[in-house]
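Student: here is the input, now give the coordinates:
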Amino acid sequence: MHADPPFPRAALLAPHELGRGRLEPGTPNGRVQKRLRIDATGAPSTLIGRLLVGSYITGQDQVVVTALGGFTADQRREIHRVVDRLLGMTVVGDTAEALEVQNFIDPSKYELPRLLHRVVQVLRGELAACHDALVGGASSSLRGLEGFEEEVDRLYLLMARQLLLSSDSPRIARDIDVESRHYQVGYRLVAKALEVTGDLVYGIGTDLDAHLAGLRRLPPSLTNDLALRIRRLEEVLTSTMAGFAVLSVVEANTTLNRIAAALKRDATLGQRIARQVTDRRVAVAAQRIVCNLVMALEMLVVVNEVTINRGVEPETVALTGTRVVMLVRGVSRAHDSHEVPRPLAIASIEGGEATPERAPLRHGLPRVSG
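Tutor: Just a heads-up that it's a prediction; the model follows:
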């Protein structure tokens, strides 16, 4: 694998608008275009696909995949499958022995907090569909979960690409609203935790779709327990991201306590299912659902810990007079006995405006004057 300009520039598409993604010129916004060449001769198709995903995340703009003697059918199919699932990636050159791929999406076009907000919307919709199907509602929505899962994956990979490019470009970091290097690391952890949560929620939906009739016939207490845990995960996801959005260490602490209590209570649920459910396939499906719910809660532990750690980072407290800012239902409480608490305007993850007499809070970063 080595960097090498593969085709004449005439082979490249001219920049123009493509759907909702803005195409980039050869040197987008003054940034030198990154080019990569992958020799896929004899390589497993899965490896080629993973290298293409890696090239996308690491900010490559132009990738040429070559294969001496031509691609196998599996290799070509995998390349096109990966290209189709990545936002802004397009095949612009196709010969028997080479495929040229170009990434056209503008990495600075979408603010990262807004992309996170969209991921949370999708996950909450998936969980609501799972809950409704289990308690007797329409089951048709379960068959649409694959599309939602693919959207979560696409958004995660775009966020990962943005964050890596922002670490090299202050302009991109400013445009996506993640100027702090420390915050870039935290956002990457949060994005990955949500992506894994999406995989787990999709697994729950898959088991529900495959065994819904049997799961609905479980003893009422077990069906109710599963439904409550699905609803609880949605609530914990909501409170987790609400705390992260406004940098509320109080909210994060409360959510962590709730997760710890839930994990302790859920420890015996799998054994109850094994004892009470005689249909082995249904019992295994129910146990997998419980396992995925537990692992999803553990993923959200990571997000809440990022919120708390961010609250005490030197970069954060430098903006608040070296004080830890407590946010509870829109009220700031300085962790300093000599300071009188004062209200802060809290911007939602969609952004918001603070009144002049209140210090604004933009995407979780407190900004105070003086």
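
Student: strands of this structure, start to end?
Tutor: With DSSP state E, the ranges of strands along the chain come out as 17-18, 21-22, 35-39, 62-66, 89-94, 98-103, 325-328, 331-334, 361-362, 365-366.

Student: and the last one, average pLDDT?
Tutor: It refers to strand 365-366. Across strand 365-366, pLDDT averages out at 38.

Student: now the helices: where do they sit in the protein?
Tutor: Assigned by DSSP state H, the chain shows helices spanning 45-57, 73-85, 112-134, 145-168, 170-175, 181-216, 220-246, 249-265, 269-276, 280-311, 314-317.

Student: need those in TSV with distance to residue 38 and mean neighbour count, can you?
Tutor: (C-beta placed from N, C-alpha, C; glycine too.) Below are those laid out as TSV (distance: least, C-beta to C-beta, whole Å; neighbours: other C-beta atoms under 10 Å):
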stretch	distance to residue 38	mean neighbour count
helix 45-57	6	18
helix 73-85	10	16
helix 112-134	27	20
helix 145-168	17	20
helix 170-175	25	17
helix 181-216	24	20
helix 220-246	36	20
helix 249-265	42	17
helix 269-276	44	15
helix 280-311	32	20
helix 314-317	38	14
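
Student: quick one: residue 118 and residue 184, what's the gap?
Tutor: From residue 118 over to residue 184 the distance is 19 Å, taken as C-beta to C-beta, to the nearest Å.

Student: for residue 284, same thing?
Tutor: Distance of residue 284 to residue 184, computed by C-beta to C-beta: 41 Å.

Student: then residue 310?
Tutor: Computed as C-beta to C-beta, the residue 310 to residue 184 distance reads 12 Å.

Student: likewise residue 258?
Tutor: Shown here: residue 258 relative to residue 184, a distance of 28 Å by C-beta to C-beta.

Student: now residue 48
Tutor: Residue 48 sits at a distance of 29 Å from residue 184 (criterion: C-beta to C-beta).

Student: ditto for residue 40
Tutor: 32 Å.

Student: which stretch in the helices of the chain has the least confidence?
Tutor: The minimum mean pLDDT among the helices of the chain belongs to helix 314-317 (a mean of 75).

Student: excluding covalently adjacent residues, which one is nearest to residue 39?
Tutor: The shortest distance from residue 39 to any non-neighbouring residue, by C-beta to C-beta, 6 or more residues apart in numbering, is to residue 66 (5.7 Å).

Student: do I have it right that residue 293 meets residue 234?
Tutor: No: in this structure residue 293 lies outside contact range of residue 234 using C-beta atoms under 8 Å: 10.7 Å.

Student: next up, the contacts around the nearest residue to residue 287 once chain neighbours are set aside.
Tutor: Closest residue to residue 287 apart from its sequence neighbours, by C-beta to C-beta, 6+ apart: residue 270 at 4.9 Å. By C-beta atoms under 8 Å, 6 or more residues apart in numbering, the contact set of residue 270 is 287, 290-291.
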